[in-house]
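Engineer: Prediction below, plus the sequence it came from.
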Amino acid sequence: MSTFGKQGLVAPNVAVDPSKDPIALRIEHVCKWFGELNVLRDVTLDVARNEFICVVGPSGSGKTTLLRMMNGLADIDSGRILVDGTPVTGSRRDMAMVFQQFDLFPWKTVARNISFPLELAHVGKTEIRERVEWAVKLVGLEGFENRYPGQLSGGMRQRVGLARAVVIKPNVLLLDEPFGAVDAQTRETLQEELLRIWSELRQTAVFITHSIDEAITLADRIVVMSARPGQIVGVIPVEIPRPRTVESVRRSPIYPVLREQVRDLLSWKEPSDV
Amino acid sequence: MSEMNGKSTLTQEEMNAIAVKVTAERHTRERRGKIKRNGIRISSLLIIAVAWQIYGSHTLQITFSPLTKVFHDMYSMFAHDNLVAALWISVQTFMIGLIVGTLIGITLGMLMGVFRGFDAAVGIYVFALYATPMVTIVPLLTLWLGFGTPAQLVITTLFVIFPVSITVYNGVRHVDKGLLEVGKSFCATRPQVWRHIVLPSAVPFIITGVSQGVAMGLVGMFIAEISTALSGLGAVLTTQANAYHTSKALAIILIIMALGVTFRTLMGILQRKLTPWFAQAND
């Protein structure tokens, strides 16, 4: 299904137990209403362990709501979401979110922003120091540990957001349009960085975006959603070999084909509307 | 022009030299701007002082006084009339009122901001008293508490409590929703949300509240000193003004002004110490 098996890369920081269920995340018949408005309609999806999923959809397709439900930030009205076989009932420490607007604490330094989830979990001081050092290095923020977020560019802020999420070594990484608030060039740099970081971590990731290019660049599979009500209209595997770069993806012969497929699905209308 | 063709021909050393030069020029510009502004400030003070002196020398001494006489009388009051003791009494009243008022104000504001039931029960009174000019209840307070030190402390404290509590309340109520969500996402307990998110984001509001408390506390202190048993600077001012010692009254006003400016400056320093992320963001 995906290509990561051939790469032979072993993630040193993620405990992957092969005896475990190969399904890391299971979404079963999830529905959601905001008042009268049906935001999500019968969403069902299995995400394999260590798979990178991109969810693409227009505004109003409920993709962010779906991610927030996975993180326990929004209630599930009907259906259920299972992580490693246990249903999501609230936020949990084996999942971590990267937020669209960064949402860093302006009064904490970069290092203290990153150590925040560890402090909440009462991790020991020595381990906090080691893990923060590791995360800072992973996202390329060495030398900026004592700056405040207000002193950083948008791209660097989101590196902090990413470090804050991976520092707790979650089994599932959730990213809510993380590069939506930065300029186009920074965005490509960050995509490149995420490809590199993910090739080191090799963990299950769900990435929300409205950019088709971004989805093709990053994903093992692209989940395409439609708006009002939000539902899955297609799942497209991206069989571009890893390791990837933004450039290598663009040059891949199947890139225009994938692009066309996703675009077709995005313009999908409910049969009754046609 | 043509052989350059849009390509950079400067070496790294040349670029570094230019960067150093540009930075130095910027610092010079900023320094000159600062010197200029300070120059204007000092000139302004000088002009007012000279105008004061000229007007004071050519008018009835009952209504106004030249600046030199004001300073001379200020010196003689410090030297012979034990003005230091009066000042010390006033500062004590003010400090106790400010500290007690701030503590009660912060507690009230926090509780109201966090517990909706508490807000519903107590908020109405806090907002009503905030909207009431405190001066109006001073006569009642002297009726209830007498004319002694307790009445003065209660009056000063009351002047401080309400601006502080309202500002802190607003600070707690306007915590960034996104940050609260981050806390929830990373499984923060209620006390952790308080320690890591609510309290730090209320700090700038608390400082603003206390700054207002400083201003209101000075007013409260003064009103307390002249509307109860005369004491402190308030007593000196009233006595001197009633005796038409205008220059001495002006001297007291200048001392109180200096007191206010000193406390505001101290608050500014405290603010930079407690909220370093604001200062550093503008580096």
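Structural biologist: Right, received. Where do you want to start?

Engineer: C-alpha only now, for contacts and for neighbours.
Structural biologist: Will do.

Engineer: The closest residue to residue A:116 other than its chain neighbours and residue A:157, how far apart?
Structural biologist: Once flanking residues are discounted, residue A:116 sits nearest to residue A:164: 7.3 Å by CA to CA, 6 or more residues apart in numbering or on different chains. For residue A:164, the distance to residue A:157 equals 11 Å [CA to CA, to the nearest Å].

Engineer: Near chain A, which residues of the stretch 101-250 of chain B? Just list them.
Structural biologist: B:178-179, B:181-182, B:184-189, B:192, B:197, B:200-201 (CA under 8 Å from any CA of the partner chain).

Engineer: Apply 10 Å and report the result again.
Structural biologist: Applying CA under 10 Å from any CA of the partner chain, we find that the stretch 101-250 of chain B lies next to chain A at B:176-189, B:192-193, B:196-197, B:200-201, B:203.

Engineer: re earlier: check which element follows the helix or strand where the residue nearest to residue A:116 lies along the chain.
Structural biologist: Using DSSP states H and E, residue A:164 falls within helix A:154-166. Per DSSP H and E, the first helix or strand lying C-terminal to helix A:154-166 is strand A:172-176.

Engineer: quick one: which of residue A:164 and residue A:157 has more around it?
Structural biologist: Taking neighbours as other CA atoms under 10 Å in any protein chain shown, residue A:164 and residue A:157 compare with residue A:164 leading, 28 against 22.

Engineer: Report pLDDT for the more buried one.
Structural biologist: Looking at residue A:164, its pLDDT stands at 96.

Engineer: Now for the nearest residue to residue A:24 once chain neighbours are set aside, how many residues are close by?
Structural biologist: In space, and not counting its chain neighbours, residue A:24 is closest to residue A:49: 4.7 Å by CA to CA, 6+ apart. Using other CA under 10 Å, residue A:49 has 22 other residues around it.

Engineer: Quick check: residue A:49 vs chain B, distance?
Structural biologist: Distance of residue A:49 to chain B, given as CA to the nearest CA, to the nearest Å: 21 Å.

Engineer: Residue A:204 is in contact with that residue, correct?
Structural biologist: Yes. At 5.6 Å, residue A:49 and residue A:204 qualify as touching, with contact defined as CA atoms under 10 Å.

Engineer: those helices in the chain, which residues are they?
Structural biologist: Picking chain A for this. Using DSSP state H, the helices of chain A run over A:4-7, A:63-70, A:110-120, A:125-139, A:154-166, A:184-201, A:212-218, A:246-251, A:255-266.

Engineer: Not quite, go with chain B.
Structural biologist: Counting by DSSP H, the segments of chain B that form helices are B:12-57, B:67-80, B:83-114, B:116-131, B:138-145, B:149-173, B:177-185, B:190-193, B:199-227, B:232-242, B:246-274, B:276-281.

Engineer: Tell me the helices and strands packed up against the third one.
Structural biologist: Spelled out, it's helix B:83-114. helix B:67-80, helix B:116-131, helix B:149-173, helix B:199-227, helix B:232-242, helix B:246-274 (3 or more CA pairs under 10 Å, 6 or more residues apart in numbering or on different chains; DSSP states H and E).

Engineer: Residue A:110: neighbouring residues, count only.
Structural biologist: As a burial measure, residue A:110 scores 28 neighbours (other CA under 10 Å).

Engineer: Contacts only, for residue B:75.
Structural biologist: By CA atoms under 10 Å, 6 or more residues apart in numbering or on different chains, the contact set of residue B:75 is B:69, B:81, B:83, B:248, B:251.

Engineer: now the residues you listed in a markdown table, with distance to residue B:9?
Structural biologist: Formatted as a markdown table, the contacts of residue B:75 follow (distance: CA to CA, whole Å):
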| residue | distance to residue B:9 |
| --- | --- |
| B:69 | 70 |
| B:81 | 77 |
| B:83 | 72 |
| B:248 | 72 |
| B:251 | 68 |
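
Engineer: Can you tell me which one of those sits lowest on pLDDT?
Structural biologist: residue B:81 (81).

Engineer: any idea how far residue A:145 is from residue A:245?
Structural biologist: Distance of residue A:245 to residue A:145, computed by CA to CA: 27 Å.

Engineer: One more: residue B:53?
Structural biologist: Using CA to CA, residue B:53 is found at 57 Å from residue A:145.

Engineer: go on, residue B:199?
Structural biologist: For residue B:199, the distance to residue A:145 - CA to CA - is 23 Å.

Engineer: what's the answer for residue A:117, then?
Structural biologist: Residue A:117 is 16 Å from residue A:145, by CA to CA.

Engineer: Likewise for residue A:205?
Structural biologist: Separation of residue A:205 from residue A:145 (CA to CA): 26 Å.

Engineer: Residue A:117 and residue A:145: who's more crowded?
Structural biologist: For residue A:117 versus residue A:145, neighbours defined as other CA under 10 Å are more numerous around residue A:117 (25 against 17).

Engineer: Is it correct that the more buried one is in contact with residue A:161?
Structural biologist: No. Counting by CA under 10 Å, residue A:117 stays clear of residue A:161, with 11.4 Å between them.

Engineer: hmm, which helix or strand of chain A has the shakiest average pLDDT?
Structural biologist: Using mean pLDDT, DSSP states H and E, the weakest-scoring helix or strand in chain A turns out to be helix A:4-7, at a mean of 37.

Engineer: repeat for chain B
Structural biologist: Per-SSE averages on chain B (mean pLDDT, DSSP H and E): minimum helix B:276-281, a mean of 68.

Engineer: Can you name the residue of the stretch 1-150 of chain A nearest chain B?
Structural biologist: Closest residue of the stretch 1-150 of chain A to chain B, CA to the nearest CA: residue A:150 (4.7 Å).

Engineer: residues in the stretch 151-274 of chain A within reach of chain B, list them.
Structural biologist: Neighbours of chain B within the stretch 151-274 of chain A, by CA under 10 Å from any CA: A:151-152, A:164-165, A:168.

Engineer: Pick the one among those residues closest to residue B:102.
Structural biologist: Nearest to residue B:102 among these: residue A:151, at 32.1 Å, using CA to CA.

Engineer: pLDDT score for that closest one?
Structural biologist: At residue A:151, the pLDDT value in this model is 90.

Engineer: how many neighbours does it have?
Structural biologist: With other CA under 10 Å as criterion, residue A:151 counts 18.

Engineer: rewinding a little: for residue A:235, which of the helices of chain A is the nearest?
Structural biologist: Within these, the stretch nearest residue A:235 is helix A:255-266; the backing value is 8.9 Å (CA to CA).
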